[in-house]
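A.B. asks: Show me how the following folds:
(one chain, ligands or ions: 1)
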Amino acid sequence: MRQESTSSAYAAPSVSGAGELLQLLRDETPRTRAELAKLTGLARSTVGARVDALLASGLLAPSGEAASTGGRPPVRFAFNPEARVVVGADIGATHGRVALTDLSGRPICEIGESLDITDGPEVVLDWLVATTRRLLEQAGRQPRDLIGIGIGVPGPVEHSSGRPMRPPIMPGWDGYDVPGHLHRDFDVPVLVDNDVNIMALGEHAMAHPDVEHLLFVKVATGIGAGIISGGRLHRGAVGAAGDLGHVAAPHAPEVLCSCGNVGCLEAVASGPAISKALREIDIIAESNSDIVDLVRGGNIPAALAVRQAGRTIGEVLATCVSLLNPSVIVIGGSLVQAGESLIAGVREVVYGRSLPLATGVLQIVPATTGVQAGVIGAATMVIQHALTADRVDLAIARLSAS
Ligand SMILES: [Zn+2]
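C.D. replies: Next comes the predicted model:
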């Protein structure tokens with residue numbers, strides 16, 4: 001432990017508040033010891049000890065000098081996002097994307113490959129382990145630089161245990177110990193969540209970092225939402241919050257859903273539901289990207305069908321707006337690439353049905369992070385977990401004990 005600067009006339013102040021000090025520095029603004037003392041109201045000696053502990057951990061690094069007020073100019077310090085690396089993995093039904101990011105969630109390098117989720121957890125997670133090793137090698141980093149692995153999967157997950165729970169499109173994954181599998185190779189925290197929560201975290205971190213209340217809605221083969229409330233992801237009691245796909249859509253026809261109920265939002269407004277509606281008027285769109293291509297190519301019935309799906313989703317979202325009072329609704333997922341039709345339908349109903357107080361500041365916008373939302377969100381989930389004040393203090397205590 002480096003405490004030279006505080007060791008002489010008085011007892012060394014505790015550095016257990018170093019993690020708290022780091023929270024303040026995570027905005028990446030460089031500050032001097034004096035500026036930090038002023039900002040926190042702490043004694044200069046306390047700040048000095050905490051800065052030293054953070055410097056020793058690598059999480060803080062010198063970052064230039066402040067203007068001199070006579071004598072040696074004081075050194076500024078800033079959060080060092082390159083101190084460690086994080087793995088963010090976005091596992092889809094047919095595609096996997098893995099990024100190595102810094103501690104700000106910025107991707108350093110990335111690998112995306114085709115895979116088949118139905119090959120089961122052993123095959124897919126072995127691929128993830130091998131891909132993680134390749135990324136570490138590409139970036140010239142060691143496994144000890146890794147602080148955690150975040151994984152998004154296309155199905156419900158019990159977040160506390162990292163086990164998928166009866167995921168409909170992931171045969172063989174029900175109850176599987178995903179973190180346990182990764183722990184065979186990497187001794188770091190492994191956090192797992194469903195793809196929609198991961199995308200919500202990614203979109204929030206990248207495009208709307210200052211928004212406290214945000215609803216992210218994915219519209220693709222399935223429909224789901226990720227809820228950011230008070231700046232944090234709201235998962236609910238068992239991680240099922242935001243599962244909008246199987247909410248009954250108001251005024252929906254009695255269409256049978258894959259879950260066994262009738263009239264679910266997913267059964268009437270998802271990509272497959274739009275395909276089915278188009279087939280009834282002899283327009284063939286087998287996949288979500290076929291629908292997107294039709295709309296972009298100026299096919300009016302396809303644009304109308306997508307807009308109608310937007311309205312139906314809007315009816316459910318109007319209820320969500322009354323319940324959650326978000327200031328931003330982000331619409332993501334493959335169907336948002338169809339352009340304005342989907343969002344126009346959502347806006348039409350949400351602004352028409354919600355009360356002015358709730359819609360006065362409400363923006364309804366398309367997702368902007370695209371394919372990177374998943375990997376960045378998965379990395380963000382790990383960073384939020386690993387860099388809390390408590391865990392930073394713990395890491396520093398371990399470092400000084402070793
Ligand atoms: Zn359903």
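A.B. asks: Might you enumerate the residues of the stretch 151-300 of the chain proximal to the ion?
C.D. replies: Residues of the stretch 151-300 of the chain lying near the ion by Cβ under 5 Å from the ion: H246, C257, C259, N261, C264. Placement of C-beta: from N, CA and C, glycine included.
A.B. asks: Generate a PyMOL selection restricted to the buried entries among the residues you listed.
C.D. replies: If you want just the buried ones from those in PyMOL, going by 16 or more other Cβ atoms under 10 Å, the selection is:
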select buried, resi 246+257+264
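A.B. asks: Any chance of the residues of the stretch 151-300 of the chain next to the ion in JSON lines with pLDDT as columns?
C.D. replies: Below are those laid out as JSON lines (pLDDT from 0 to 100):
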{"residue": "H246", "pLDDT": "91"}
{"residue": "C257", "pLDDT": "90"}
{"residue": "C259", "pLDDT": "83"}
{"residue": "N261", "pLDDT": "91"}
{"residue": "C264", "pLDDT": "95"}
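A.B. asks: which element follows the helix or strand of the chain with the lowest mean pLDDT toward the C-terminus?
C.D. replies: Within the chain, no helix or strand scores below helix 356-359, which has a mean of 82 by mean pLDDT, DSSP states H and E. Per DSSP states H and E, the first helix or strand lying C-terminal to helix 356-359 is strand 363-366.
A.B. asks: Take the residues of the stretch 151-300 of the chain next to the ion and write them to JSON lines, including secondary structure.
C.D. replies: Below are these laid out as JSON lines (DSSP: H, G, I helix; E, B strand; the rest coil):
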{"residue": "H246", "secondary structure": "helix"}
{"residue": "C257", "secondary structure": "coil"}
{"residue": "C259", "secondary structure": "coil"}
{"residue": "N261", "secondary structure": "coil"}
{"residue": "C264", "secondary structure": "strand"}
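A.B. asks: Give the buried residues for the helix or strand hosting T46.
C.D. replies: Assigned by DSSP H and E, T46 falls within helix 44-57. By neighbour count with 16+ other Cβ under 10 Å, helix 44-57 contains the buried residues 45-57.
A.B. asks: Quick check on G70: phi, psi?
C.D. replies: phi 110, psi 130 (degrees, to the nearest 10).
A.B. asks: how much space between it and the ion?
C.D. replies: For G70, the distance to the ion equals 72 Å [Cβ to the ion, to the nearest Å].
A.B. asks: Please enumerate the strands of the stretch 1-150 of the chain.
C.D. replies: Counting by DSSP state E, counting those that start in this stretch, the stretch 1-150 of the chain has these strands, from start to end: 31-32, 60-65, 75-79, 85-91, 95-101, 107-114, 146-153.
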